[in-house]
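Peer 1: Need coordinates for the below:
(2 chains)
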Amino acid sequence: MEKIYPNSPLVEVVFEIRFSGEPSIECHRDLFYNDVKNEYSNILVPKATPQEFPALQPYRFERKDKSSGVMLAINRFAYYSKEYPGYKKFKKEAMRLIKKFGDIYNLSKLNRTGWRYINVIPFTREKGIIPLKDFLNFELNAPKSIMGEFENISMTFISKVSEGSITANIKLLSKEEQEAILLDLDYAKKENLVLKEVESYMEESHRYNRELFEEFITDSYRKYLKGETI
Amino acid sequence: MNATNIMKIYDEQITDYKWQLMASYEWPRLRDDEWSLLEEADLDLLSYEFSEQPYVPLWTISSEGKKLKPKKPIKVHVYKDGEFYFAENETLDVYSVGTSVRETIENLEAHIIYFWEHYNNLSREQATGLAVKLKDIYSNLFVEE
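Peer 2: Below is the predicted model:
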């Protein structure tokens, strides 16, 4: 059974499927909404902004308590949870909704699937430096004149793994003087995907992403997450 | 209970903790007439929210030349009330206040070091009540570096 740390930094988990543009989704969002509105009654619409492509912006149908919801647009569908209940429950609900979605809009082929863990790690600076090494096993093979002590950080990299790719974002966030490290991990698959196999894609993506997270965090931070603190 | 529909405007303004992610990390392929090819122009907007009253770990405690290493990270509750910031740890029975997060944490570290010295200098016979428990905590959980 997947363990959830008592001091987990997880703020959101998302599983998304993408497919070639399907105008019926754009025109008949009501078909899906009517099927889920008893649970996901809140409708959130995207704000129109310049330079944006309106058709690509997803609608959200969200629970009243905002704990979870779905996003759907002309070329994507996602289930997200802001209060992650554990993999088993998340998967059960995601699969239920994906099946509904696939049946209503008659989907079969997919372009991409992605499992995303979004972690936000509050910290305090040590002599003005982000204490990254206390939290993450991450080093840059940089010139010696770059000491590896960061005042700010913002990086993204994509790494090919056996049957997919990992996208990692490490970035400094701040909110009213409180700072945090964003650790955003996305495992994606893009080759030869079909809707009927989505459960296996989810299994694989979750497994890889979880292993990556465990490799990313230091042993001392893991102790903190487990609650081994003063 | 009948479901109610609530139409909200989903805020997509970029703030310090919201950003737009090109999920496929490919620039949209625009044609000459500036229409985007559907399959490639992906924008995935997520907001990263974290608690307004987060807990932060402290791995070392330093103040005025003294440095302590706790055997376990110290979990500190940081929050703002009115104009001031507060930081506290119940186990160590220590609290601090300041006008910024940094100042508040620095004050907390100074208090921890003060109490570490105080309880180390306090003999067991002199300690009563909570002081006995705190003496044990401060004596056993910190190592001077």
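
Peer 1: Show the low-confidence segments of the chain, by residue range.
Peer 2: I'll assume chain A. Chain A contains residues with pLDDT under 70 at A:1-2, A:142, A:144-148.

Peer 1: Actually, chain B is the one I wanted.
Peer 2: In chain B the weaker segments, taking pLDDT under 70 as the threshold, are B:1-53.

Peer 1: Have a look at it and report its longest strand.
Peer 2: Here the longest strand in chain B is taken by residue count, with DSSP state E as the criterion, and it is strand B:74-81.

Peer 1: what about dumping the CA coordinates of that one to CSV?
Peer 2: Taking only C-alpha atoms (Å, rounded to 0.1, in the frame of the first residue of the first chain), the coordinates of strand B:74-81 have been written out as CSV:
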residue,chain,number,x,y,z
ILE,B,74,12.9,20.9,14.3
LYS,B,75,9.4,21.5,13.0
VAL,B,76,8.5,25.1,13.3
HIS,B,77,5.1,26.6,12.8
VAL,B,78,5.4,30.0,11.1
TYR,B,79,2.4,32.3,10.8
LYS,B,80,1.4,35.9,10.5
ASP,B,81,-0.9,37.7,12.8
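
Peer 1: how about it, does it reach chain A?
Peer 2: Yes. Among the residues of strand B:74-81, B:Ile74, B:Lys75, B:Val76, B:Val78, B:Lys80 lie within reach of chain A under CB under 8 Å from any CB of the partner chain. The way it works is simple: take the backbone N, C-alpha and C, and place the C-beta from them, glycine included.

Peer 1: if I look at A:Glu228, how far off is B:Glu88?
Peer 2: When CB to CB, to the nearest Å is the yardstick, A:Glu228 and B:Glu88 sit 19 Å from each other.

Peer 1: what angle sits between the helix or strand that the longest strand of chain B is followed by and strand B:74-81?
Peer 2: Under the assignment DSSP states H and E, the closest C-terminal helix or strand after strand B:74-81 is strand B:84-89. Here the directions of strand B:84-89 and strand B:74-81 differ by 160 degrees (axes from the mean of the first three to the mean of the last three CA atoms, to 10 degrees).

Peer 1: Name the next helix or strand downstream of strand B:84-89, please.
Peer 2: Beyond strand B:84-89 in the direction of the C-terminus, DSSP H and E gives the next helix or strand as strand B:94-98.

Peer 1: Specify the angle between that next one and strand B:74-81 in degrees.
Peer 2: Our comparison of strand B:94-98 with strand B:74-81, counting by the same axes, to 10 degrees, yields an angle of 40 degrees.

Peer 1: which of the residues in the helix or strand following strand B:94-98 are buried?
Peer 2: The C-terminal neighbour of strand B:94-98 among helices and strands, as given by DSSP H and E, is helix B:101-121. Applying a neighbour-count criterion of 16 or more other CB atoms under 10 Å in any protein chain shown, one finds B:101, B:104-113, B:115-116, B:119 buried in helix B:101-121.

Peer 1: So which of the residues you listed reach chain A?
Peer 2: The subset of the buried residues of helix B:101-121 lying close to chain A, counting by CB under 8 Å from any CB, consists of B:Val101, B:Ile105.

Peer 1: Most widely separated two among the buried residues of helix B:101-121?
Peer 2: Set against one another by CB to CB, these have their most distant pair in B:Val101 and B:Tyr119, with a gap of 26.8 Å.

Peer 1: contact partners of the helix or strand encompassing B:Lys135?
Peer 2: Per DSSP H and E, B:Lys135 falls inside helix B:130-140. By CB atoms under 8 Å, 6 or more residues apart in numbering or on different chains, the residues outside helix B:130-140 that reach it are A:Ile230, B:Lys71, B:Thr91, B:Leu92, B:Asp93, B:Phe115, B:Trp116, B:Tyr119, B:Asn120, B:Leu122, B:Arg124, B:Ala127.

Peer 1: How many residues are close by the first one?
Peer 2: By that I understand A:Ile230. As a burial measure, the neighbour count of A:Ile230 was computed by other CB atoms under 10 Å in any protein chain shown and equals 19.
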